[in-house]
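Undergrad: let's see this in three dimensions:
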Amino acid sequence: ATGLEIGIRPEAIGLSGSGSGLAVEIGDVAHLGTRKIATCRIGEHEIKVVVPPEQPIPSERGVLEFNPAMTRLYSDGRLVG
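TA: Below you'll find the predicted structure:
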């Protein structure tokens, strides 16, 4: 069986209140001065997103957008794209 994984750094993920992308539930938000880190969930998976301090974060649900140029695909732990 082939296991596929997507690899992307938290700062290459956009978070907004609406639009096209991956719908998520928004949990904790850590305020770190020069940035915020939002913990988002989709099903049983947790995704951390780095957000600029001036950007508002939706309160319960949001949409993630992935930068295609910074997204990698792995098959059984090996980079394939």
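Undergrad: going forward, measure contacts between C-alpha atoms and count neighbours the same way
TA: Fine.
Undergrad: contacts for the worst-scoring helix or strand of the chain on mean pLDDT, please.
TA: Least confident helix or strand of the chain, by mean pLDDT, DSSP states H and E, is strand 4-7 with a mean of 87. With C-alpha atoms under 8 Å, 6 or more residues apart in numbering as the test, strand 4-7 has contacts from T71, R72, L73, Y74, S75, D76, G77.
Undergrad: just the CA atoms of the lengthiest strand in the chain, as CSV, please.
TA: With secondary structure taken from DSSP state E, the chain has its longest strand at strand 22-31. Provided in CSV are the C-alpha atoms of strand 22-31 (Å, rounded to 0.1, in the frame of the first residue of the first chain):
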residue,chain,number,x,y,z
LEU,A,22,-9.7,23.3,3.0
ALA,A,23,-12.4,23.9,5.6
VAL,A,24,-11.1,23.6,9.2
GLU,A,25,-12.1,24.2,12.8
ILE,A,26,-10.0,26.7,14.6
GLY,A,27,-8.9,26.0,18.1
ASP,A,28,-6.2,27.7,20.2
VAL,A,29,-4.4,30.8,18.9
ALA,A,30,-1.0,31.6,20.4
HIS,A,31,0.0,35.3,20.3
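Undergrad: now the host helix or strand of L73: average pLDDT?
TA: In this structure, L73 sits in strand 72-75 according to DSSP states H and E. Rounded to a whole number, the mean pLDDT of strand 72-75 is 91.
Undergrad: ok, stretch 12-19 next?
TA: Rounded mean pLDDT across stretch 12-19 is 88.
Undergrad: so for that stretch, what gets flagged as buried?
TA: When neighbours are counted by 16 or more other C-alpha atoms under 10 Å, the buried residues of stretch 12-19 are found to be A12, I13, L15, S16.
Undergrad: low-confidence regions, this structure specifically.
TA: 1-2 (pLDDT under 70).
Undergrad: what are the ranges of the strands in it?
TA: Counting by DSSP E, the strands of the chain are 4-7, 13-16, 22-31, 36-42, 45-51, 61-66, 72-75, 78-79.
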